[in-house]
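[1] Next input, structure requested:
(chains A and B)
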Protein chains: 2
Amino acid sequence: MTRQRLALAALVAAALALPLAAAEPDDQARPRTTQEILDASQPSDWRTPDPANTLYMDLEAGRVVIELAPAFAPEHVANIRTLATEGFWNGTSLYRSHDNFVVQFGDADADDPEKARSTGSAKTKLPAEFERSARGLPFHALPDRDGWAAQVGFAEGFPAARDGAQGQAWMAHCYGALGAGRNLEADSSIGAELYVVTGQSPRQLDRNITVVGRVIRGMDLLSATPRGPEPMGFYDDPAQRTPIKAITLAAEVPEAERERIEVLRTDTPTFDAMVESRRNRRDDFYKRPAGHIDLCNIAIPVRTPDAAKR
Amino acid sequence: MTRQRLALAALVAAALALPLAAAEPDDQARPRTTQEILDASQPSDWRTPDPANTLYMDLEAGRVVIELAPAFAPEHVANIRTLATEGFWNGTSLYRSHDNFVVQFGDADADDPEKARSTGSAKTKLPAEFERSARGLPFHALPDRDGWAAQVGFAEGFPAARDGAQGQAWMAHCYGALGAGRNLEADSSIGAELYVVTGQSPRQLDRNITVVGRVIRGMDLLSATPRGPEPMGFYDDPAQRTPIKAITLAAEVPEAERERIEVLRTDTPTFDAMVESRRNRRDDFYKRPAGHIDLCNIAIPVRTPDAAKR
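    The predicted structure follows:
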């Protein structure tokens, strides 16, 4: 019955996560695997997220690391920094887990004037930041076609889209995207109530809501959150919510205690080679390489520097 | 702080799940919501899955309902019926939960000759059923472009793709797709070890693996399965696996005890109207209707007949 275990291993090789290196590293004719491409990367292929744009969300189960995107949502990011610095989210919760869509977090009692938390010195009104000018924004475009936008690719390390080099650019609602919940009014978000995409990329939200960043580590701690039994994924019993111990700005943590984390740059030949190794998987498992990849099927590699080859 | 709760409600309206009916049903100029379209549906817009093609997977947390697709994978479906009838999966487990990819289930000890379960009278060799002839297969095409295939749409009620009306057709790896794990050889699956897509649609697997059906109810019971700590989502401790009490063919359950479930037909004007209401969301929340929808962003409505308007 070895076949059965092999079947598991073979399916594993098809995973979005990085596969193990193939067994024949000396076969020069064989295209490099994703892992081989990363193993051959240079230190300059990697970047360390700015601690001023990095949040640590501490749950009982572990830490989620978020990178904020001030290039796309400067006002929201500034407000989020204020909220984190003042401890707004400490003791709040993941109060919604909507299957194949989002987890949402913040102050579950925000609508109860007697219980609602103060948002402290954070601004109570911000402009909508659904999109920005594409001018002056380095954009690393994918050759792959997209149904939702004229062009997709990466900007500032985030999955993004634009309607032309002279037009508008915006962050895409891919798995892990962090967005600011809002009311019916476009400018009604302040970054206090946030959601993370945990399902099939809801790209219809693009340009309709302010995306403020992306989870770069710990998605598994959010995505497996038990779904709320209410129709929209809310919990009927507050005890079902997942407590958030704290959300902290990395810049406020002593340097020695910060997470060691590096993200692959998205504007390098190494990144292009990595994407191509996913676009056309030329290993023994795949009989028909797809010849295409969707923006939201590209997992941006992350590593712990200590564990990386130097 | 009512705004905060409204912010939740507004994001809710953007959900893939069916939204509540809008507050102004008498506004004739307003496009119908998805819910209004479904409320106006006729009994003929719905179908009851054939019990001979329906599986019940019973977990401690509840029941998952699966519809098999004999039109696409007749040999695998026949084998799966045999395996279910003989109780192959009773007492097995979900032994892998790979974040943003799949849960996998079956016999976790399949590679240990001393522990492996017998597959009984099921066939031990099947042809690969990655695709089938598009001839003679009614295909309800979407007008929306797709990066992975020349055309996408629905066939036999399943999300599907084809390379032309005279060429090949296949089921698409959307959220909830049920596939047969295999070895490196294309014809190495027998339908005993199965996976369900729980993450961003891994369409690169299309035409590379045999898709055998789709989960039509209970995805939340699979998608929130705690992720395995091993690199591919396997568990390091067997106690972490999720027990499967039984997988039963609905046809073998007395009719009075079968699940009452109806699925919206995918080849009707009602379905087209429902999709259009998702492609261009014209409610107060959306400032910019997308004008597009991806195949895998379309959730096929399911209802319990007792609860439906008749």
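
[2] How about A:His292: what's its closest non-neighbour residue?
    B:Gly147 (4.6 Å; C-beta to C-beta, 6 or more residues apart in numbering or on different chains). (C-beta placed from N, C-alpha, C; glycine too.)

[3] show me what contacts that neighbour?
    A:144-147, A:292-294 (C-beta atoms under 8 Å, 6 or more residues apart in numbering or on different chains).

[4] if we go to 6 Å?
    A:144-145, A:292, A:294 (C-beta atoms under 6 Å, 6 or more residues apart in numbering or on different chains).

[5] tell me the pLDDT at it?
    On pLDDT, B:Gly147 comes in at 97.

[6] Torsion angles phi and psi at it?
    phi -80, psi -20 (degrees, to the nearest 10).

[7] Doesn't A:Ser277 lie inside a helix?
    Yes - under DSSP: H, G, I helix; E, B strand; the rest coil, A:Ser277 sits within a helix.

[8] Quick check: it touching A:Thr34?
    Yes - assessed by C-beta atoms under 6 Å, A:Ser277 is found in contact with A:Thr34 at 4.5 Å.

[9] Give the buried subset of the contacts of B:Gly147 as a PyMOL selection command.
    Applied in PyMOL, the following selects the buried portion of those according to 16 or more other C-beta atoms under 10 Å in any protein chain shown:
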select buried, chain A and resi 144+292+294
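
[10] what's the most distant pair in the contacts of B:Gly147?
    By the measure C-beta to C-beta, A:Arg145 and A:Asp294 form the most distant pair in the contacts of B:Gly147, at 9.4 Å.

[11] quick one: pLDDT of A:Asp284?
    pLDDT, A:Asp284: 91.

[12] Number of residues surrounding it?
    14 (other C-beta atoms under 10 Å in any protein chain shown).

[13] Show me the shaky parts of the stretch 201-310 of chain A.
    Residue ranges of the stretch 201-310 of chain A with pLDDT under 70: A:307-310.

[14] Near chain B, which residues of it are found?
    A:204-205, A:207-208, A:220, A:223-224, A:226-227, A:232, A:284-288, A:290, A:292, A:294, A:296-297 (C-beta under 6 Å from any C-beta of the partner chain).

[15] domains in chain A, as residue ranges please.
    A:2-47+A:269-294, A:51-260 (automatic domain parsing).

[16] Which of the ones you listed sits closest to B:Met57?
    Comparing those against B:Met57 with C-beta to C-beta, the closest turns out to be domain A:51-260 (16.4 Å).

[17] Could you say which helix or strand holds A:Ala246?
    Using DSSP states H and E, the element containing A:Ala246 is strand A:242-249.

[18] er, A:Ala84 I mean
    Counting by DSSP H and E, A:Ala84 is found in helix A:74-85.

[19] what's the angle between that helix and strand A:242-249?
    110 degrees (axes from the mean of the first three to the mean of the last three C-alpha atoms, to 10 degrees).

[20] Following element in sequence after helix A:74-85, please.
    Heading C-terminal from helix A:74-85, the first helix or strand you meet, by DSSP H and E, is strand A:93-98.

[21] helices or strands next to that next one in the packing?
    strand A:102-106, strand A:242-249 (3 or more C-beta pairs under 6 Å, 6 or more residues apart in numbering or on different chains; DSSP states H and E).

[22] now the shortest one: how far from the chain's centre is it?
    Right, the one you point to is strand A:102-106. From the chain centre to the centre of strand A:102-106 is a distance of 14 Å (C-alpha atoms, centre = their mean, to the nearest Å).

[23] Check the longest one too.
    Its chain's C-alpha centre lies 17 Å from the corresponding centre of strand A:242-249 when counted by C-alpha atoms, centre = their mean.

[24] which other residues reach it?
    The contact list for strand A:242-249, computed with C-beta under 6 Å, 6+ apart, reads A:55-58, A:81, A:84-85, A:89-90, A:92-94, A:225.

[25] can you do 7 Å?
    With C-beta atoms under 7 Å, 6 or more residues apart in numbering or on different chains as the test, strand A:242-249 has contacts from A:55-60, A:81, A:84-85, A:89-90, A:92-94, A:105, A:225.

[26] For it, buried residues please.
    Across strand A:242-249, burial judged by 16+ other C-beta under 10 Å covers A:242, A:244, A:247-249.

[27] picking that back up, let me have the contacts of B:Gly147 in TSV, extended by secondary structure.
    Output for the contacts of B:Gly147, formatted as TSV (three-state DSSP):
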residue	secondary structure
A:Asp144	coil
A:Arg145	coil
A:His292	coil
A:Asp294	coil
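
[28] Reformat the contacts of B:Gly147 as JSON lines; add distance to B:Asp50.
    Putting the contacts of B:Gly147 into JSON lines (distance: C-beta to C-beta, whole Å) gives the following:
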{"residue": "A:Asp144", "distance to B:Asp50": "38"}
{"residue": "A:Arg145", "distance to B:Asp50": "37"}
{"residue": "A:His292", "distance to B:Asp50": "34"}
{"residue": "A:Asp294", "distance to B:Asp50": "33"}
